[in-house]
Each structure stands twice: as C-alpha cells, then as structure tokens.
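Chemist: Give the three-dimensional model of this entry:
(chains A and B)
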Amino acid sequence: MPLSPRENLQVGPNGELRHLLTTEGLPAETIRRILDTADQFVSVGEREVKKVPLLRGKTIFNVFFENSTRTRTTFEIAAKRLSADVINLNVGASSTAKGETLLDTVWNLQAMDADMFVVRHSQSGAPHLIARHVRPGVAVVNAGDGRHAHPTQGLLDVYTIRHYKKDFGALTVAIVGDVLHSRVARSQIHALKTLGVPDLRVIAPKTLIPAQVERLGVRVFHHMDEGLRGCDVVIMLRLQNERMNGALLPSAGEFFKCYGLTAEKLARAKPDAIVMHPGPMNRGVEIDSPVADGGQSVILPQVTFGIAVRMAVMSMLGSP
Amino acid sequence: MRRDLHGMRLEIAHGRVVDPASGCDKVGTVYIADGVVAALDKAPDGFRADETIDAKGLVVCPGLVDISARLREPGFEYKATLESEMRAAVAGGVTTLACPPDTDPPLDEPGLVEMLTRRAGSIDGAHVHPLGALTVGLKGERLAEMAELHEAGCVGFSQGERPLPGLAVMLSAMRYAATLGFTVWLRPEAKTLAEGGVAHDGEVATRLGLASIPTVAETIAIRTIVELMGATGARVHLERLSTAAGVALVAEAKKRGAPLTCDVGIHHLHLCDRDIGDFDANCRLSPPLRETSDRDRLRAAAADGTIDAICSDHAPVDEDSKQVPFAEAEPGATGLELLLPLTLQWGRDVGLKMPETLSAITHRAARILGVPAGTIAPGAAADICIFDAGRPWVVQAQALASQGKNTPFMGLELTGRVVRTIVGGRTVYSTGP
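Modeler: All right, here's what the predicted structure looks like:
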C-alpha cells in the first residue's frame, strides 16, 4: 500500500538547493553546479584577502552533537571566507547532557535567528529530522550523521576526482575498507553513480560490507589484488579504532596485511591512478606511509578542495 | 454492572451477517436477548425488540478479537490511558483483546492483573484478557507465578518486547508452562543477533546507515523454539512473524504436528522497509519492516492459515518519543482503529471472501486465546461489530480515539469504518444516527 508521498527535503520544485542532507537523489545537474561553483572558490584561498562577501550578515551555527575538530574547522573556515558570522557549538558536551531534546536545542538556536545549521550527529537521520522542523528559509547542512551520509565529503571527493580525471564516464573507482560503518563511502557511492562512473567497486572483508550493497550500484570485491586491478581512483576509508579489535576484525595488523594500501598493491591499479583518503589517516593500518606521501596521493589537495566545496554549498544555500 | 441491561432485546435487521466460524455470509437479522445471540434470521417466539437497528448495507460480524493491544497501564499513562485505549478498541470494532505484560511494573503479580482487569471491567468496553509476564519483571531470570497469574485471569505468558537472554530460562519456562498446560507466547528474535538493530538487514538499512536486524535473528529463534517444544511438550504462540523464511519454518513445524500458533502484526501485511523513506519514525516498528518478498509471503500465509491470526500490535507512543532520530524513536504504532480497514484491504488484495478475511481477526484469534469469542452463532455472547465496508475515511489525529497518533498511515484514505460496536448486547460505540 503506497503511503502518502513524501516531499523532497533537499531540492525545491525549481531545482534550488534547500538543504544538503545526502548525495542520494541529488540530481547530476545540482552536483555539477556545486562543483562548478567550487571551482570559482578555489582561487579565493590563494588570494591575499581570502574573503568574499556572499554571506555577509548571515549567521551560521556549527552544531556538533558528535565531536570533530577537523570537520568543524573546515566548515568554519568556509563560512568565514564567505563573510558569515559563525558560532561553534559542541552540543554533545552541553545541552543533551542536561536532557534537552535535539529539536529543543535546534529551536532554541533558531530563536537566535540562525540562517543555517551545520549539523553533525551520531545518529543516522538526525539532520533530516532537523530539516523537517526548522522554519522555511533556514538551511541545514549535514556534516556527518551516523553511518548514513557525509555529503560535503562525498562532494569534495568527486570534485577531486573531476580535477584529476576530468571525465567520470570511463572511470574505475575502488573504495576500500570499512564500508559498513562509513557515511563517507555511502556519500561517495551515490555521487559517483549519479555522475555516471561505470565501474564502482568496494573492497573489504565480508564483515565490513553492509547488506545488499550491490543494489547501490557497486561491485563487491574481497581481495585487493582483484579489486584494484585497472583502477583509476583508489579511495581508502578510515578504520575506526573500535573496529580494529573485536568480532569484525582480528587486529589492525591483519587488516593492514590484507587491505592496507601498499605500493605493491597499488601497482595493480593503473599507473596514473590517484590515491585518496578522507582523513584522518591511520598510517600503517589502512595506508602505508610511502603511498600516503607518494606521487599518486592527492590526500592534501582533497583538504584544500574541501574548503571550496563547502563554500559552494553554503553560498548556494545561503544566497538564493 | 451490565446486568441491569441484560434484559434488553435488540434486533439488528437486514444486515449482511458474516460469521467466519461457520462461513455464513448472507443478508439477515440478528436477535439479541439477555446479552447473547438469541437467534439468526427468525425471531424467537414472543421476541419483542426494545431497539431495532437498521443494518441495511452494513456488515454485521462478531466483535473483533485483537490478540495484541497495549493499553499502557499501569505505568505509561503519558503514552495512553486505559480509558483512551478502551475507547479506541470499541471505535475499531474490537470487543475482545489481549494485552501484553510489558507495562511498568510488568504484569508479573496476580494483584496487578486483578487491578487491571477490574479497572478495564469498570469501563464499558472490550473484554480484556491480560498476558502474564513469563519471568519476574520480564528480566528473563526467575519464572513468574504462572498458576497464580492464570487464576487472576492471564490467558498466556509472554516476555513482551524483551527476548529471553538465555536458553536455559526458555527451556525451564517451557517445561513449567507445559506442566500446567499454559501457552508460552514468544517473539521469535535471537537477542544477541537483534541487539541494537532498528531496521531490516537489507538495502534500505544500508542506504540509511541504520544498524540492522538480520533475517536469521528470526529463523534461528524459531528453530530454537521448535526444538525446545519437542523437548518440553510446551504449547507455543509465536508473536509477530516478519520474514518469509520464518513462515516457512512455522509451516514445516505445523506440518509435523507441533502445537504451534503464530500471528502477524497488521502493519507487516502492508508495509516494507522501503516505506521508512527518509527516516519516518512512524515506521520504526518491532520487529522491523522487512522486504517486499517477506511482506508478500506474510500476506499469503495469513490467507492460507499458516499464520493463525492478524493483530493490531497496538502500541500508542507519545509524540516526543517519535520526534527523535529514527534509531532513538520508540518502536510501535497505534493500530486498534486501523485493524479492521487494513485487514479488509489485505483481504481484497489477496482475493479472499469476507468470512475468510474476518476469520483472522475473529474466531481464529479467539482460538489462540482460548476464549469463547469471535462468533455470532446462537448462544454466543452478543459481542458484535457493525461496519460499513465501503466507507472511506482519512486517518487523521482527530479521527483516532487512541491517545497514540503514531501511524505510518497518517493522512491516508482507508476503506471500512465501524458504525456500531456491541458488547454483551449493549451498544458501547456508535457513530450516531
């Protein structure tokens, strides 16, 4: 029995971006517009005065229910380069600990005339819940929710790939590691599929592959030798500390032996393959130092592009 | 307290009388005297009705039997009260219901059960048959006093939503229940495989990044329970099947003659994991909504009798407990008032005749409880539901008597609305003239 149709929270009837919650269902045209806009912002960081006035007078709250200094910092820099006023809130340590509900926290901040919320939360779907309850005109950017999505990371990754590889239509891309718990992997998969990557792979042991992941349009590999063969792009995922020892994996050492990216394994990919990682890296766990620092690594450019992509998203949301 | 009106004589005239127990489905008149069905079609000698109800164009069937409806008392009055949910029951045409023991405190003491049934009895509404707690505090450690609880009115013993942590207690509980001839009600879910999960382990949980519950959590539990049934001779009722593989195991066990019955919640006959959409907390149910193929198998099994009964699995939840991220939302949906229209919809979808459709929420359900309900034959209690099978209505908060407004069907148009509910010959609900 079909339930009532649900509104598209992210994209308005005229294709305008209202919130950025996930890369799933984001039209290719919208993604391209974000990437093209980011192109213009890359140079801002190279100027002496690293600022444009697009969001002057706007108030952006970075509301982090889960700690992440790095991601919060990149959003903060992006917002400041757009001339917005930025307020950082580490809510995990304050309100919710006092028993305030998620929506109460948001409504309180909204009453302080917020224009945009950048939200990180340990529960999948929290940004959707917030987006459904903020007043019209207030935008929500998902900065990572549970295992669900990290859309700005996914977008900066496709930006990076486009920068180095130009055309998505002939690429072979492999995502390696803890796909099960990775919101980054999910956001990459949806964005890359939408942009037309014909051969998208995930490589991991069966314990770290989520159910029916092939229905997202990826091919599943369990061995690096096979999975990396002929790849143009190799994306390594971070392995969280708590996954390294337990029922999913025997040890960090064994993971590195089977799935850690070494020069030897990378040789299976195309000679001009690029190596990416969303950071922070665990050297010697998912990636070997010579590879992380080597000529094929684009890990640091990813960080630089990340600022531009977040500026693009925020400017599109904040200046309709 | 209804005694004063037991002398009341009622004539329900020209309705489409459907008695699933006998397969009867024809236009006729039901005569009620002294709280029981006095006759069908032909008035008893000297019968003079105090009230005649014109049921032309309406279905007259036994009052519905819902084998799982949470009334939330004692302890969860902020979610719902006995008064509100008893109103919801009769508004939904339900005249007999069983309530799970997962209240606060749980129904693990005779005094609590007696208090509940006494309170329920003082409200003019459905007959309430509590399920007693299988273990003290539902903690899965010590057995509850089953004989005492049975005497207080419990029709079976259940763990509610709290699966038994270990097999030793399950074995012991089944042995003890078998000694006294009681039915053990169990949710087939292997605790350690389901823990932390909030959605079916499939594409949707993968897309949404939700911790999942695999199908094997259900099948392993069913295999274990069936194995222990063989070892103990216990009679078991499986609560809320959710998987096609689980249905297959039940069919197999039944074929071998195991004293096993099972039910399905009405939501699982219509919805699947895709309906969660963008984290709709109203679709946070326990067990989780599974795949289309599971739903289709459940629909077929409820039709062919492998699944013995359909229940509302009524679980009113306060709004605050649903206005949180999906995984933190309290599972459950309000269902008492949706049971009839959704069952009718299922019956139409799978091509059943009206008596077959209604049997899953009347006499087949009553058989599980072991209570004399769910039939409209002469001599039976005059518990009757009169409904308009073709009447559309929209599910809206103000259209529901239940205090719980949490349903995935909110805003949807359903067909089939109760017009009048009669318990023991007395009208306890009516939509008016």
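Chemist: List the contacts of the biggest helix by length in chain B.
Modeler: In chain B, ranked by residue count with DSSP state H as the criterion, the top helix is helix B:215-232. Taking contacts as Cβ atoms under 8 Å, 6 or more residues apart in numbering or on different chains, the residues outside helix B:215-232 that touch it are B:163, B:167, B:170-171, B:174-175, B:178, B:186-190, B:193-194, B:197, B:200-201, B:234-236, B:238, B:241-243, B:245-246, B:249-250, B:253, B:258-260, B:287, B:290, B:294. Where you see a C-beta, it was placed from the backbone N, CA and C, and this is true even at glycine.
Chemist: Listing partners with orientation, what would you give for the following helix or strand past that helix?
Modeler: Counting by DSSP states H and E, the next helix or strand C-terminal to helix B:215-232 is strand B:235-238. In the sheet containing strand B:235-238, the strands it pairs with under DSSP bridges are strand B:183-186 (parallel), strand B:260-265 (parallel).
Chemist: Quick one, which of those gets closest to B:Glu330.
Modeler: Proximity to B:Glu330, assessed across the strands paired with strand B:235-238 by Cβ to Cβ, is greatest for strand B:260-265 (15.6 Å).
Chemist: sec struct for A:Glu76, please.
Modeler: Classification of A:Glu76 into helix, strand or coil gives helix, according to DSSP: H, G, I helix; E, B strand; the rest coil.
Chemist: is it true that it touches A:Asn88?
Modeler: Yes. Between A:Glu76 and A:Asn88 a contact is recorded at 6.4 Å, counting by Cβ atoms under 8 Å.
Chemist: intersection of neighbour lists for those two?
Modeler: Residues within reach of A:Glu76 and of A:Asn88 at once, by Cβ under 8 Å, 6+ apart, are A:Asn62.
Chemist: Of the contacts of helix B:215-232, grab the buried ones for PyMOL.
Modeler: Here is the PyMOL command that picks out the buried ones among those, judged by 16 or more other Cβ atoms under 10 Å in any protein chain shown:
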select buried, chain B and resi 163+170+171+174+178+186+187+188+189+190+193+194+197+200+201+234+235+236+238+241+242+243+245+246+249+250+253+258+260+287+290+294
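Chemist: Mark which of the contacts of helix B:215-232 are part of helices, please.
Modeler: Here DSSP H is the test, and the contacts of helix B:215-232 give B:167, B:170-171, B:174-175, B:178, B:193-194, B:245-246, B:249-250, B:253, B:294 as lying in helices.
Chemist: Just the closest of those residues to A:Met224, please.
Modeler: For A:Met224, the nearest member of the ones in helices among the contacts of helix B:215-232 is B:Leu193. The distance, counting by Cβ to Cβ, is 29.8 Å.
Chemist: The closest residue to the closest one other than its chain neighbours: how many residues sit nearby?
Modeler: Taking Cβ to Cβ, 6 or more residues apart in numbering or on different chains as the measure, B:Leu193 lies nearest to B:Ala217, with 3.8 Å between them; neighbours along the chain are not counted. Burial measure for B:Ala217: 25 neighbouring residues, criterion other Cβ atoms under 10 Å in any protein chain shown.
Chemist: hmm, back to that, as JSON lines, the strands paired with strand B:235-238 with mean pLDDT would be great.
Modeler: Shown next, in JSON lines, are those (pLDDT from 0 to 100):
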{"stretch": "strand B:183-186", "mean pLDDT": "98"}
{"stretch": "strand B:260-265", "mean pLDDT": "98"}
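Chemist: between those strands, which one is nearest to A:Val134?
Modeler: Smallest distance to A:Val134 across the strands paired with strand B:235-238 (Cβ to Cβ): 33.7 Å, for strand B:260-265.
Chemist: Can I get that closest one in CSV, CA atoms only?
Modeler: What follows is strand B:260-265, C-alpha atoms only, in CSV (Å, rounded to 0.1, in the frame of the first residue of the first chain):
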residue,chain,number,x,y,z
LEU,B,260,2.3,-24.1,17.5
THR,B,261,0.3,-21.0,16.5
CYS,B,262,1.5,-17.6,15.3
ASP,B,263,0.4,-14.1,14.4
VAL,B,264,1.4,-11.2,12.3
GLY,B,265,1.0,-7.5,13.0
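Chemist: Figure out how far it is from the centre of its chain.
Modeler: The chain centroid and the centroid of strand B:260-265 are separated by 10 Å, computed with Cα atoms, centre = their mean, to the nearest Å.
Chemist: report the angle between the axes of it and helix B:215-232?
Modeler: Angle, strand B:260-265 to helix B:215-232, by axes from the mean of the first three to the mean of the last three Cα atoms, to 10 degrees: 150 degrees.
Chemist: Please report the distance of the most far-flung residue of chain B relative to its centre from chain A.
Modeler: Relative to the centre of chain B, and counting by Cα atoms, centre = their mean, the farthest-placed residue is B:Gly46 at 39.0 Å. When Cβ to the nearest Cβ, to the nearest Å is applied, the distance between B:Gly46 and chain A equals 49 Å.
Chemist: what about that residue, which helix or strand?
Modeler: Using DSSP H and E, no helix or strand contains B:Gly46.
Chemist: in the stretch 151-300 of chain A, which spans are helices?
Modeler: In the stretch 151-300 of chain A, helices defined by DSSP state H, counting those that start in this stretch lie at A:151-165, A:183-194, A:224-227, A:241-244, A:252-259, A:263-266, A:289-292, A:299-318, listed in chain order.
Chemist: right, so of the ones you listed, which gets closest to chain B?
Modeler: Counting by Cβ to the nearest Cβ, chain B lies closest to helix A:183-194 out of these; the figure is 6.0 Å.
Chemist: The closest one vs helix A:151-165, what angle?
Modeler: What separates the directions of helix A:183-194 and helix A:151-165 is an angle of 50 degrees, with the same axes, to 10 degrees.
Chemist: what mean pLDDT does helix A:183-194 have?
Modeler: For helix A:183-194, mean pLDDT rounds to 98.
Chemist: Quickly note the distance from B:Gly121 to A:Asp145.
Modeler: The span separating B:Gly121 from A:Asp145 equals 48 Å under the rule Cβ to Cβ, to the nearest Å.
Chemist: Have a look at the two and say which one is more surrounded.
Modeler: A:Asp145 (30 against 14).
Chemist: Ramachandran angles for that one?
Modeler: Geometry field for A:Asp145 lists phi and psi as phi -130, psi 110, criterion degrees, to the nearest 10.
Chemist: what residue is smack in the middle of chain A?
Modeler: In chain A, the C-alpha nearest the mean C-alpha coordinate belongs to A:Gln153, at 2.2 Å (Cα atoms, centre = their mean).
Chemist: What distance do you get for that one to B:Ala120?
Modeler: 55 Å.
Chemist: what does B:Leu289 give?
Modeler: B:Leu289 is 31 Å from B:Ala120, where distance means Cβ to Cβ.
Chemist: for B:Pro316, same thing?
Modeler: B:Pro316 is 16 Å from B:Ala120, where distance means Cβ to Cβ.
Chemist: got it, and B:Thr334?
Modeler: When distance is defined by Cβ to Cβ, B:Thr334 is 18 Å away from B:Ala120.
Chemist: same question, B:Leu167
Modeler: In this structure, B:Leu167 and B:Ala120 are 35 Å apart, going by Cβ to Cβ.
Chemist: now swap in A:Phe221 and tell me
Modeler: A:Phe221 sits 59 Å away from B:Ala120 when distances are taken as Cβ to Cβ.
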